[in-house]
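Asks: Just the structure for this:
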Amino acid sequence: MDKGRRGGIHRYTPARVRAIFELPKGLHHLSNEKLAYVDMFYSPSPNPEPDVGLYTTTRAQLDGIRKSVVIPLSSITMTSHLAPRYNRFRPNTTLIQYSDILQLCESFYINIFASYFLYELFRHWGQAGGIA
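Replies: Down below sits the predicted model:
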């Protein structure tokens, strides 16, 4: 979660959970809570895409390498669904049955229709007079 002054969806930073784990007992002095290894994404777009009404995000990178971090599992505040923006998908490789579309795509929609909770949360943010 981004602790800045932004509101609604812009208070949050999307991430893809790759693994949930605990450190061995010998390393509990570093952290004794459950941790998550996540791929980071940039903050959601300022406004929803006009054609579909969904916010977008892209994979966070540093010098062309995806930005991944280890965070406390307790800092994950909600789940969401990142749907690839297939209209912008131009794979550099042949797709096979084992291809990881979430890894190959660069741009994603934040799908508010994936859960009733997320849909209602966006609706609440919109009714509160602020940007979702």
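
Asks: Mind naming the longest helix for this protein?
Replies: The helix that spans the most residues within the chain, counting by DSSP state H, is helix 116-127.

Asks: which helices and strands sit right next to it?
Replies: The helices and strands touching helix 116-127, judged by 3 or more CB pairs under 8 Å, 6 or more residues apart in numbering; DSSP states H and E, number zero. Using the backbone N, CA and C atoms, a C-beta is placed for each residue, glycine as well.

Asks: residues making contact with it?
Replies: With contact meaning CB atoms under 8 Å, 6 or more residues apart in numbering, helix 116-127 is reached by 7, 8, 9, 78, 80, 81, 112, 113, 131, 132.

Asks: What of stretch 25-35?
Replies: Contacts for stretch 25-35 (CB under 8 Å, 6+ apart): 20, 21, 22, 23, 70, 71, 72, 73, 74.

Asks: Might you list the low-confidence residue ranges for this structure?
Replies: 1-5, 88-91, 127-132 (pLDDT under 70).

Asks: can you give me the strands in the protein?
Replies: 15-21, 35-40, 56-58, 61-62, 65-66, 68-72, 82-84, 107-110 (DSSP state E).

Asks: Take those and write them to a markdown table, including mean neighbour count and distance to residue 121.
Replies: Shown next, in a markdown table, are those (neighbours: other CB atoms under 10 Å; distance: least, CB to CB, whole Å):
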| stretch | mean neighbour count | distance to residue 121 |
| --- | --- | --- |
| strand 15-21 | 13 | 17 |
| strand 35-40 | 18 | 21 |
| strand 56-58 | 20 | 16 |
| strand 61-62 | 11 | 28 |
| strand 65-66 | 10 | 27 |
| strand 68-72 | 13 | 21 |
| strand 82-84 | 18 | 16 |
| strand 107-110 | 22 | 11 |
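
Asks: returning to what we had before: ok, and the most crowded of the contacts of helix 116-127?
Replies: Neighbour tally across the contacts of helix 116-127 (other CB atoms under 10 Å): the maximum, 23 neighbours, falls on residue 9.

Asks: And that residue, how far from residue 118?
Replies: Distance, residue 9 to residue 118, by CB to CB, to the nearest Å: 10 Å.

Asks: again with residue 69
Replies: For residue 69, the distance to residue 118 - CB to CB - is 23 Å.
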